[in-house]
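> structure for this input, please:
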Amino acid sequence: MELSNPIAVWLVLGLLLMISEIIIPGGIVILLGAACVIVASAQAVGIIDGLVQSLTLWFMASMVLLLSFRHVTQRLVGGDSHVDNTDEEADLYNQVAIVKQAIGPGQKTGRISCLGTDWTALGDGTVIKKGTKVRIICRDNIAFVVEPIIDSV
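Model (predicted):
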């Protein structure tokens, strides 16, 4: 099979793209390879001739295959459908923290330690002493609003 034969070139390119789907999963490359095989078949039958017609058919076949079968190949190939939480602050809400610097009275801020990091914190207006366990309930500007955890015995 010589490379000056356009049918062979399109067929080899199509097969290489289809095989590369193993390395590059996603369901797109296999459809582009299938479009190359369609071009090789059209050239073999004599429907098209020349580079411009071949590229035009490849482009149209690729678009039709991608639009028609993308959902099928995506279902077969799968992929990462798990989306992690991108809001890091949301992970902190309802977490238990330790007061590192007294909070209050009123709007006086203090410091809390949660998940190995210190944060600015506001309380409910009362004094929350150092060493008290608190729960993060929301965020107010640059400070977390916390409430003391009342241990029920």
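> and the longest helix for the protein?
helix 51-77 (DSSP state H).
> which strands and helices lie in contact with that helix?
helix 6-20, helix 29-45 (3 or more C-beta pairs under 8 Å, 6 or more residues apart in numbering; DSSP states H and E). Where you see a C-beta, it was placed from the backbone N, CA and C, and this is true even at glycine.
> possible to save those helices as a markdown table with mean pLDDT?
Listed next are these as a markdown table, based on pLDDT from 0 to 100:
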| stretch | mean pLDDT |
| --- | --- |
| helix 6-20 | 90 |
| helix 29-45 | 92 |
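> return the most buried member of those.
helix 29-45 (a mean of 20; mean count of other C-beta atoms under 10 Å).
> contacts for it next, please.
6-8, 10-11, 13-21, 48-49, 54, 57-58, 61-62, 65-66, 69-70, 73 (C-beta atoms under 8 Å, 6 or more residues apart in numbering).
> try it again with 6 Å
6-7, 10-11, 13-14, 17-18, 20-21, 48, 54, 57-58, 61-62, 65-66 (C-beta atoms under 6 Å, 6 or more residues apart in numbering).
> distance of residue 107 from residue 143?
Separation of residue 107 from residue 143 (C-beta to C-beta, to the nearest Å): 10 Å.
> name the residue in these two with the higher neighbour count.
Between residue 107 and residue 143, counted using other C-beta atoms under 10 Å, residue 143 has the larger neighbour count: 18 against 11.
> with adjacent residues omitted, what lies nearest to the more buried one?
Closest residue to residue 143 apart from its sequence neighbours, by C-beta to C-beta, 6 or more residues apart in numbering: residue 120 at 4.2 Å.
> helix or strand right after the helix or strand the one you found falls within?
With secondary structure defined by DSSP states H and E, residue 120 is part of strand 117-122. The C-terminal neighbour of strand 117-122 among helices and strands, as given by DSSP H and E, is strand 133-140.
> what's the domain layout of the chain?
Here the domain assignment for the chain is 6-77, 92-148, based on automatic domain parsing.
> next up, the contacts around the nearest residue in space to residue 92 that is not next to it in sequence.
Spatial nearest neighbour of residue 92, excluding adjacent residues (C-beta to C-beta, 6+ apart): residue 136 at 5.5 Å. Contacts here follow C-beta under 6 Å, 6+ apart; on that basis residue 136 touches 92-93, 95, 144, 146.
> many thanks, have a good one.
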